[in-house]
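Enquirer: can't give you the sequence, but here's the structure:
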């Protein structure tokens, strides 16, 4: 799931099974929650909510894996995975989303496209940049879905 530069087993911050934390968490690395976290927001490069983990609050990260329970909004700029035991009650925003069979998701999902940046030089920069912006506005609009997946 995570980039090849950093091994997926390297956890920079950990909330253990018998641990409860309240408040904001901000880390540049991988955060794993196997205990309970409640607060305003988590900001991290990667977040893993283990099967026994409970998160109450908003999470923003490049990549998010949910195996436990989350009550709050999730924003994954690269990828979001909802595993079989995962349960999310809140809105999801991501460019890639994977929901396993048996997972529960109650909320809205907004799929966004990653935008490539372009560097322009000279007199054509203004007109080309305007055309590119118009194309992005017309073609790269977010798609929003009302979704509820649960075990039948």
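Expert: In hand now; what should we look at? Treat the numbers as computed from the prediction; the structure is a model and nothing was measured.
Enquirer: and residue 49, how many neighbours?
Expert: Other residues within reach of residue 49 by the criterion other C-beta atoms under 10 Å amount to 30. To be clear about C-beta, it is placed using only N, CA and C from the backbone, and glycine gets the same treatment.
Enquirer: Same question for residue 35.
Expert: Counted with other C-beta under 10 Å, residues neighbouring residue 35 total 19.
Enquirer: now the residue lying closest to it once chain neighbours are set aside: how far from residue 25?
Expert: The spatially closest residue to residue 35, leaving aside those adjacent along the chain, is residue 19, at 3.9 Å (C-beta to C-beta, 6 or more residues apart in numbering). Using C-beta to C-beta, to the nearest Å, one gets 12 Å for the distance from residue 19 to residue 25.
Enquirer: When those two are compared, which one has more neighbours?
Expert: Each of residue 19 and residue 25 has its neighbours counted (other C-beta under 10 Å); residue 25 has more, 20 against 12.
Enquirer: what residues are up against that one?
Expert: With contact set as C-beta atoms under 8 Å, 6 or more residues apart in numbering, residue 25 has these partners: 13, 31, 37, 39, 41, 42, 43, 44.
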